[in-house]
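Chemist: could you look at this predicted model? Sequence included:
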Amino acid sequence: MLDDRARLLLKTLIERYIADGQPVGSRTLSRACGLELSAATIRNVMSDLEGLGLIASPHTSAGRVPTARGYRLFVDTMLTARRQELKAPLLPADQPQKVIARAAHLLSDLSQFVGVVLAPRRGSVFRHIEFLRLSEKRLLLIIVTPDGDVQNRVLLTDADYQPAELIEASNYLNAHYSGMTIEQVRARLQAEVDQLRSDVALLMQAAVQVGAEAMSQAQSQVVISGERNLLAVSDFSSDMDQLRRAFDLFEQKAQLIRLLDISSQAQGVRIFIGGESQTVPLEELSMVSAPYVVDGQVVGTLGVIGPTRMPYDRVIQIVDITSRLVGNALSQGKG
């Protein structure tokens, strides 16, 4: 899409904007890019880049700033992360909660932005399941965990179940599966479905699916550190509305959990840039994330949230190394 000259000018513009936080003009680009180009040539290339939606002109300046699309192209094709060893302190291996809390602080301290860690989920064990008929084809599913936590979810069904059928389904689940994780119940129920009445089997399968989602959401824990670092970022300190929405994201956490869940499905470091999709809710925020692995299994995700104008090469290193430290610490803690 771009020739070598346009790529170099775009890369230079983004690097200058990340470093200075100011719109970049033709004269600055001419000095920084290392090419013998006339001001008119640079202006023409800038106009082409703007036409492609890679840079934009703020109303208050003659310079240009990168767009989310420009950042994405930079991150995907122009960025070379320098693999220098960060002086990261070792994480404590004695308690998983301490590992997670220390990791969030470590991410925040090293990046000077916001560190977030999605803690490992425990097995979704249930002790008791009960159905309550609310109305036709509408049930209340009640799940009680061994420690007494209660989760309620409304279940919409294709059939209108009678009280006797609801009792039959709950009795079967409690008698045969109590004490197992929801995942184990799902696997065994799938194998035994032919032995059960089809209508009751469908009810139990629907209950297990909804129950798994309910318990997963209940056990999702996000540890956040360094929110106040955003106060020092000029992109936010000059725009209180953006800052308020960023803090709303940290307060509500549900959207953050979904974002970290998406990150856990990828291998290695993943970058979300604000404004390019509904995944990142704020135009001025980006997240660099990576899953962490224990015994060969992805058990959680961590990352750094900061302005789109962040030093991606350094933040990628921080996130990558911290994810390895957390995985190693949790593995040692299990030994």
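Modeler: Arrived safely, thanks for sending.
Chemist: Ile318: neighbour count?
Modeler: 25 (other C-beta atoms under 10 Å). The C-beta positions use only the backbone N, C-alpha and C, and glycine is treated the same way.
Chemist: nope, Ala207 is what I was after
Modeler: By the criterion of other C-beta under 10 Å, Ala207 has 26 neighbours.
Chemist: tell me how far Ala290 lies from Gly306.
Modeler: Ala290 sits 15 Å away from Gly306, taking C-beta to C-beta, to the nearest Å as the criterion.
Chemist: I'd guessed Asn73 sits against Leu10; true?
Modeler: Asn isn't right for residue 73; it's Leu. Yes: here Leu73 reaches Leu10: they are 7.2 Å apart, a contact under C-beta atoms under 8 Å.
Chemist: tell me, what's touching the two both at once?
Modeler: With contacts defined as C-beta atoms under 8 Å, 6 or more residues apart in numbering, the residues shared by Leu73 and Leu10 are Leu54.
Chemist: those two: which is more packed in?
Modeler: Neighbours were tallied for Leu73 and for Leu10 using other C-beta under 10 Å; the higher tally belongs to Leu10 (25 against 21).
Chemist: so what's that one up against?
Modeler: Leu10 makes contact with Leu2, Leu49, Leu54, Ile55, Pro66, Gly70, Leu73, Phe74, Met78 under the criterion C-beta under 8 Å, 6+ apart.
Chemist: cool, Gly327 as well?
Modeler: So Gly327 contacts Tyr292, Val293, Val294 (C-beta under 8 Å, 6+ apart).
Chemist: mind putting these in a markdown table, neighbour count and distance to Gly25 included?
Modeler: Formatted as a markdown table, the entries for those read as follows, by neighbours: other C-beta atoms under 10 Å; distance: C-beta to C-beta, whole Å:
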| residue | neighbour count | distance to Gly25 |
| --- | --- | --- |
| Tyr292 | 26 | 42 |
| Val293 | 18 | 46 |
| Val294 | 19 | 50 |
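Chemist: which of these sits closest to Arg324?
Modeler: Using C-beta to C-beta, Tyr292 is the member of the contacts of Gly327 that lies nearest Arg324, at 7.6 Å.
Chemist: mark which of the contacts of Gly327 are part of helices, please.
Modeler: Using DSSP state H, no member of the contacts of Gly327 falls within helices.
Chemist: tell me the one of those nearest Arg133?
Modeler: The nearest one, if we look at those relative to Arg133 and count by C-beta to C-beta, is Val294, at 42.1 Å.
Chemist: the residue lying closest to the closest one once chain neighbours are set aside: which element?
Modeler: The spatial neighbour of Val294 that comes closest, neighbours along the chain excluded (C-beta to C-beta, 6 or more residues apart in numbering), is Leu330 at 4.7 Å. For Leu330, the element it lies in under DSSP states H and E is helix 312-334.
Chemist: buried set for that helix?
Modeler: For helix 312-334, burial by neighbour count (16 or more other C-beta atoms under 10 Å) applies to 312-323, 325-330, 333.
Chemist: so where do the helices sit in the stretch 201-335 of the chain?
Modeler: Taking DSSP state H, counting those that start in this stretch to define them, one finds helices in the stretch 201-335 of the chain at 234-237, 240-252, 254-264, 312-334.
Chemist: would you list the ones you listed in TSV and tack on distance to Arg31 and mean pLDDT?
Modeler: Conversion of the helices of the stretch 201-335 of the chain to TSV gives the following (distance: least, C-beta to C-beta, whole Å; pLDDT from 0 to 100):
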stretch	distance to Arg31	mean pLDDT
helix 234-237	23	74
helix 240-252	31	80
helix 254-264	38	77
helix 312-334	22	88
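Chemist: let's have those in CSV, adding distance to Leu155.
Modeler: Supplementary listing: these in CSV, determined by distance: least, C-beta to C-beta, whole Å:
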stretch, distance to Leu155
helix 234-237, 42
helix 240-252, 25
helix 254-264, 21
helix 312-334, 35
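Chemist: out of those helices, which gets nearest to Arg133?
Modeler: Smallest distance to Arg133 across the helices of the stretch 201-335 of the chain (C-beta to C-beta): 29.1 Å, for helix 254-264.
Chemist: can you name every helix or strand that that closest one contacts?
Modeler: If you count contacts as 3 or more C-beta pairs under 8 Å, 6 or more residues apart in numbering; DSSP states H and E, helix 254-264 packs onto strand 114-118, strand 222-225, helix 240-252, strand 270-273, strand 285-294, strand 297-307.
Chemist: and Val233, which of these is closest to it?
Modeler: With respect to Val233, and counting by C-beta to C-beta, the nearest of those is strand 297-307 at 5.2 Å.
Chemist: much appreciated, bye for now.
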